[in-house]
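Trainee: model the structure of this input:
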Amino acid sequence: MQNAHSGSVESPSIHKHSLAALTVGAIGVVFGDIGTSPLYAFREALHHSAPSGGIQEAAIFGVLSLALWSLILVVTVKYVIFLMRADNDGEGGVLALLALAGRGIGGRKGAVLALGAVGAALFYGDAIITPALSVLSAVEGTKTIPGIGENISQQTIIYITLVIMVALFAIQSRGTALVSKLFGPICVVWFLAIGGLGLLHISDYPAIFGALSPHHAVSFLASNGIVGLIVLGSVFLTVTGAEALTADMGHFGRFPIRLGWFLLVFPALSLNYFGQGAFAMAALEQARAAGVPLETQDWFFLMSPEAVRVPMIVLAGLATIIASQAVITGAFSLTQQAIQLGLLPRMKIVQTSSGSAGQIYLPAINWMLLFGVWLLVVQFRNSSAMASAYGIAVTGTMVVTTCLAFVVVHKLWQWSLAKSLAVMLPFLVIDFIFFGANILRVVDGGWVPLAVGALICLIIWIWVRGKPLIDIRENDRAMTLAELGKSLTKSKVARVDGTAVYLTANPEGVPGTILHNLKHNRVLHARNIVLSIRTASVPHVPSEERATYVEVDKNFARVILKYGFMETPDVPNDLALAIPAKDAPLDSMITSYFMGKSVLAASKNEGLPLWQDIILIFLQRNAYNPAEFFGIPSNRIVALGGQVVI
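Mentor: Sure, this is the predicted structure:
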């Protein structure tokens, strides 16, 4: 069996203080989303369990049992124990799994590529809902402040939430390296606080520990039909954010994330949910004594003693901001991977930290996310309504992750089909049950992440199909470089000093820019390099494997630069290192980079359908300048091209 975790970032020699720092950092970044779920998950699940007649004991025990076993089966068993083994040289996440699956089947093909595209697309739906829901739910906690809470209107809460969101997205361009050092300690305090809060109230109804028996979950689902499935959709809110465990492996390593989960996060979450269940049972007994039905309440904040409720609301606000930051950073990282893997057009990527390659900022994604978050907050107006929109994107991503993991274990790790199915099928069944439960909420708001995901999927689909067509039209594949070199010996072409670098997607053929240069300028540089840039299926390519240099003849040389899907290209530097020592070094002052700059024209009879051609042309025109994306000085660029019909 192939090693499931070759190239892992962990090392047995990690010092204790380094391990502690990584674990605390992981607690701040990896578990921010799942750590804020107690704010609304238990409340929403109980709310849907009692459409009429008030909340009952069976519902409290059933919901709590479902929540606990979701944490055990989905997060602990599936993600922490199993899927964290499926890393790509230390990196995780849906696109890292796509790269691994592609390696297993010999390339990104058909269904595997589609799965990766769907998983990436659904993540963006999650990325706009997480900040909106978590921050709004924390701000709504102000309604429970004694004396002033009843005077705070929902409109005021919306305004506060929108201001926080603007501030959060506005600071992204400045980088978060400095403040991110506080994320870990703040989240450690948060988990200790919510665990302590739960522990404080377990004594209200000690028999609540009986909810650990799965028969309560099974019995509740079996006896409540459609209502049980709707509740299950809300219970899924307890595990949203689980996908971050694998997505952030490259930053912290497998062992620190597992350590943080088992030592602090899982116990704290479990204690808090037990506490909310005990608190609800105590409230149920009081309601029965008073002869009134028990209605839904903001269990989390009401559990906090009045003396510490305001500090708890502030701490919750900080925790939700950190959770939002983790999702935003994840969207930046995912987009960078998608661009490198050719799933999306180039976008401007800004390094915000000289000491960390992972600290990046994408303006286009940042402001699109802010627009989406604002739209959600204004449209749904409260966290209960918005909770209906949550879950579908995450469950969809989990289904995709499990399917890709099946391909990895069967094809790459070479497990037998029987063993692969035995391990992965139970996970897939659980994922589909949750997905089916959340699908019931499409009308109530679940259409939002589906609409966002569908739009991103459409863009990926058109770009993946259309970009190769553009490359084919721009480059003449009917002639090889060797054939062109022979024809040049028979013609009188003027030669000029310096180096010309022709960028092309096809290193074997003749770039259209060479032909345009010969046709219009009738000159050839003293040294001519045909350069292709490839993205490998690994996060990082070792420097010794970066470049391949082939001298075709005295006129042309061919260079291929390979980058990992987590790397930012620096073409001038890496190209200079690729030149053999026997040749003259690359002089940046007399080097020109020729790029294709064609005018695209849509056609009914060629390439994609006309409406897809129109979208493809829009994407191509608005793609980020390739010179800046590849780190090439703009004053060394020569753009050549003609009209290309697609």
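
Trainee: C-alpha only now, for contacts and for neighbours.
Mentor: OK.

Trainee: distance of residue 435 from residue 124?
Mentor: Plainly put, residue 435 is 17 Å away from residue 124 if you go by CA to CA, to the nearest Å.

Trainee: next one, pLDDT for residue 72 please.
Mentor: Residue 72 carries a pLDDT value of 96.

Trainee: sorry, slip of the keys, the one I care about is residue 1.
Mentor: Taking residue 1 on its own, its pLDDT is 32.

Trainee: tell me which helix or strand in this structure has the weakest average pLDDT.
Mentor: The helix or strand of the chain with the poorest confidence is strand 476-480; it has a mean of 66 (mean pLDDT, DSSP states H and E).

Trainee: CA atoms of stretch 62-82 as CSV?
Mentor: Extracted in CSV, the C-alpha atoms of stretch 62-82 (Å, rounded to 0.1, in the frame of the first residue of the first chain):
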residue,chain,number,x,y,z
GLY,A,62,-32.7,13.2,21.0
VAL,A,63,-31.1,16.5,19.7
LEU,A,64,-28.3,16.2,22.2
SER,A,65,-27.6,12.6,21.3
LEU,A,66,-27.6,13.5,17.6
ALA,A,67,-25.2,16.4,18.2
LEU,A,68,-22.8,14.3,20.3
TRP,A,69,-22.7,11.4,17.8
SER,A,70,-22.3,13.8,14.9
LEU,A,71,-19.2,15.1,16.6
ILE,A,72,-18.0,11.6,17.2
LEU,A,73,-18.7,10.0,13.8
VAL,A,74,-18.3,12.9,11.4
VAL,A,75,-15.5,15.0,13.0
THR,A,76,-13.6,12.5,15.2
VAL,A,77,-13.7,9.3,13.2
LYS,A,78,-14.0,10.6,9.6
TYR,A,79,-11.9,13.7,9.7
VAL,A,80,-9.5,13.6,12.6
ILE,A,81,-8.7,9.8,12.5
PHE,A,82,-9.1,8.9,8.9
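
Trainee: for that stretch, buried residues please.
Mentor: For stretch 62-82, the neighbour count (16 or more other CA atoms under 10 Å) marks 62-72, 74-76, 78-80 as buried.

Trainee: so which of the residues you listed belong to helices?
Mentor: Using DSSP state H, the members of these that fall within helices are 62-70.

Trainee: any chance of a markdown table for those residues, columns distance to residue 133?
Mentor: Listed next are these as a markdown table, based on distance: CA to CA, whole Å:
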| residue | distance to residue 133 |
| --- | --- |
| 62 | 24 |
| 63 | 21 |
| 64 | 21 |
| 65 | 24 |
| 66 | 22 |
| 67 | 19 |
| 68 | 22 |
| 69 | 23 |
| 70 | 20 |
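
Trainee: wait, which of these is closest to residue 137?
Mentor: residue 67 (18.9 Å; CA to CA).

Trainee: could you say which helix or strand holds the residue nearest to that closest one when sequence neighbours are not counted?
Mentor: Nearest residue to residue 67, sequence neighbours excluded (CA to CA, 6 or more residues apart in numbering): residue 235, at 5.7 Å. In the assignment (DSSP states H and E), residue 235 maps to helix 215-235.

Trainee: please apply the same query to residue 534.
Mentor: strand 523-535.

Trainee: list the helices and strands that strand packs on?
Mentor: In this structure, strand 523-535 packs against strand 494-503, helix 512-520, strand 556-563, with contacts taken as 3 or more CA pairs under 8 Å, 6 or more residues apart in numbering; DSSP states H and E.

Trainee: try 7 Å this time
Mentor: strand 494-503, strand 556-563 (3 or more CA pairs under 7 Å, 6 or more residues apart in numbering; DSSP states H and E).

Trainee: that one to strand 494-503, inter-axis angle?
Mentor: Angle, strand 523-535 to strand 494-503, by axes from the mean of the first three to the mean of the last three CA atoms, to 10 degrees: 10 degrees.

Trainee: which residues sit against the helix or strand just after strand 523-535?
Mentor: Next in sequence after strand 523-535, counting helices and strands by DSSP H and E, comes strand 547-551. When contacts are defined by CA atoms under 7 Å, 6 or more residues apart in numbering, strand 547-551 is touched by residues 557-562, 578.

Trainee: 6 Å instead, please
Mentor: For strand 547-551, contacts defined as CA atoms under 6 Å, 6 or more residues apart in numbering pick out 557-561, 578.

Trainee: cool, and stretch 318-326?
Mentor: For stretch 318-326, using CA under 6 Å, 6+ apart, the contacting residues are 29, 32-33, 131, 134-135.

Trainee: closest one of those residues to residue 371?
Mentor: residue 131 (11.9 Å).

Trainee: and the closest one, helix, strand or coil?
Mentor: helix (DSSP: H, G, I helix; E, B strand; the rest coil).

Trainee: for it, which non-adjacent residue is closest in space?
Mentor: Spatial nearest neighbour of residue 131, chain neighbours left out: residue 324 (4.5 Å); criterion: CA to CA, 6+ apart.

Trainee: pLDDT wise, what is the one you found at?
Mentor: For residue 324, the model assigns a pLDDT of 90.

Trainee: can you tell me the helix or strand for it?
Mentor: helix 309-340.

Trainee: with residue 96 instead?
Mentor: helix 94-105.

Trainee: could I get the full set of strands for the stretch 251-400 of the chain?
Mentor: 350-351, 360-361 (DSSP state E, counting those that start in this stretch).

Trainee: considering the ones you listed, which stretch scores lowest in mean pLDDT?
Mentor: Minimum mean pLDDT among these: strand 350-351, a mean of 81.

Trainee: list the residues that contact residue 598.
Mentor: Residue 598 neighbours (CA under 6 Å, 6+ apart): 641-643.

Trainee: tell me which of those residues fall in strands.
Mentor: residue 643 (DSSP state E).

Trainee: just among the contacts of residue 598, which is most surrounded?
Mentor: Within the contacts of residue 598, neighbour counts (other CA atoms under 10 Å) peak at residue 641, which reaches 17 neighbours.

Trainee: mind checking how far the nearest residue to that residue once chain neighbours are set aside is from residue 41?
Mentor: Leaving aside its chain neighbours, residue 641 sits nearest to residue 598 (4.5 Å; criterion: CA to CA, 6+ apart). Look at residue 598 and residue 41: by CA to CA, they are 52 Å apart.
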